[in-house]
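# Everything below, folded, please.
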Amino acid sequence: MLQPNIENFIGCDAGYEEAKIVIFGAPFDSTTSFRPGARFGPPAMRHESFGLETYSPYQDYDLTDCAVFDSGDIELCFGSSQIALGDIEGRANEIFEDGKMPILLGGEHLVTLGAVRGAVKKYPDLHIIHFDAHADLRDDYLGAKLSHACVIRRCHDILGDGRIHQFCIRSGDREEFSFAKSGHTDMHPFNFDGLEETVETLIKEKKPIYFTIDLDCLDTSVFPGTGTPEAGGVNFMELLKAIITVCRGNVIAADVNELAPMLDSSGVSTATACKVLRELLIAIYKNMN
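Numbering: from 1, shown residues only. The predicted model follows:
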């Protein structure tokens, strides 16, 4: 019998019942402040993933040894950020309730807020580790409080001070950096300095971690295919080492966002995003077992 043609991320074809990790896509970019296109990130990552091997020589592990189910993309309302966030939260809640870990593929960075809203219900002492070029700490952007430029500020509204740890930040307005320096977030600008110590502390305190990766933390020479490129970022190997470091902690959910594939006609940005996701999935799964 023929089966429906469903394109999964490479190696992520476990059945739902057996899966420990569940991927879902949130193809949403309605609040993008510069160049749109991140809504096409999740399907591009699935399609281009077949240019990768399932085996990671960095971690000596294979995605086919990981029980990962790819549930596809949610159909989201582009006319309402609130409705879209509610749908993302609902999908995250369903995955959590079934005892599995959600991995969200964006989309613009605002999609993180929906998943965090779901995560904090199950893990009230949640901490966030945030990799990004941008602080995302504006209280509003052109009057909108639900914007990808405000997503970490909205997460702070939920979590409060001392529970958001930011790395690689190299862009934002003066008020955003002042907000962080006042102790509202734990910001480490430009690179991953302090990450090892942060993760070790969270491990000792047995804190659950939501891990959000905005791919524009990578330098534009490595990753030009994003809506708001910012020169001065990290390279792939630095990001890989940082991902493996974070995944030593109790990561309970994660996301990868802000790939806009058509903004890099070479396909290099999409290939890089695929490799980031492969290494993230393997690092998380290895720590589960």
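
# any idea whether the residue nearest to Cys77 when sequence neighbours are not counted is helix, strand or coil?
Spatial nearest neighbour of Cys77, chain neighbours left out: Ile83 (4.3 Å); criterion: C-beta to C-beta, 6 or more residues apart in numbering. Using the backbone N, CA and C atoms, a C-beta is placed for each residue, glycine as well. What DSSP: H, G, I helix; E, B strand; the rest coil gives for Ile83 is helix.

# any idea how far Val68 is from Ile83?
Distance, Ile83 to Val68, by C-beta to C-beta, to the nearest Å: 28 Å.

# you'd agree Leu259 is up against Ser269?
Yes. Judged on C-beta atoms under 8 Å, Leu259 makes contact with Ser269 at a distance of 6.3 Å.

# who has more neighbours, these two?
Leu259 (32 against 28; other C-beta atoms under 10 Å).

# Test my guess that Lys100 contacts Glu18.
No. Between Lys100 and Glu18 there is no contact under C-beta under 8 Å: 10.1 Å.

# picking that back up, state the distance from the residue nearest to Cys77 to Ile74.
For Ile83, the distance to Ile74 - C-beta to C-beta - is 11 Å.

# ditto for Pro102
Using C-beta to C-beta, Pro102 is found at 11 Å from Ile74.

# what touches both of these two?
Listed as contacting both Pro102 and Ile74 by C-beta atoms under 8 Å, 6 or more residues apart in numbering are Phe24, Arg91.

# before we move on, back to that, now for the residue nearest to Cys77, how many residues are close by?
Counted with other C-beta under 10 Å, Ile83 comes out at 12.

# what do you get for Glu94?
Neighbours around Glu94, by other C-beta under 10 Å: 15.

# Could I get the phi/psi values of it?
Dihedral pair for Glu94: phi -60, psi -40, per degrees, to the nearest 10.

# So Asn8, which state does it fall into?
From three-state DSSP, the assignment for Asn8 is coil.

# Leaving out the residues flanking it, which one is nearest to it?
With C-beta to C-beta, 6+ apart as the criterion, Asn8 has its nearest non-adjacent residue at 4.0 Å, and that residue is Asp70.

# The one you found looks like it's in a strand, true?
Yes. When three-state DSSP is applied, Asp70 is found to be in a strand.

# per-residue pLDDT, the residue nearest to Ala67 when sequence neighbours are not counted?
Distances taken as C-beta to C-beta, 6+ apart place Ala14 nearest to Ala67, at 4.4 Å, with adjacent residues excluded. Ala14 is assigned 92 on the pLDDT scale.
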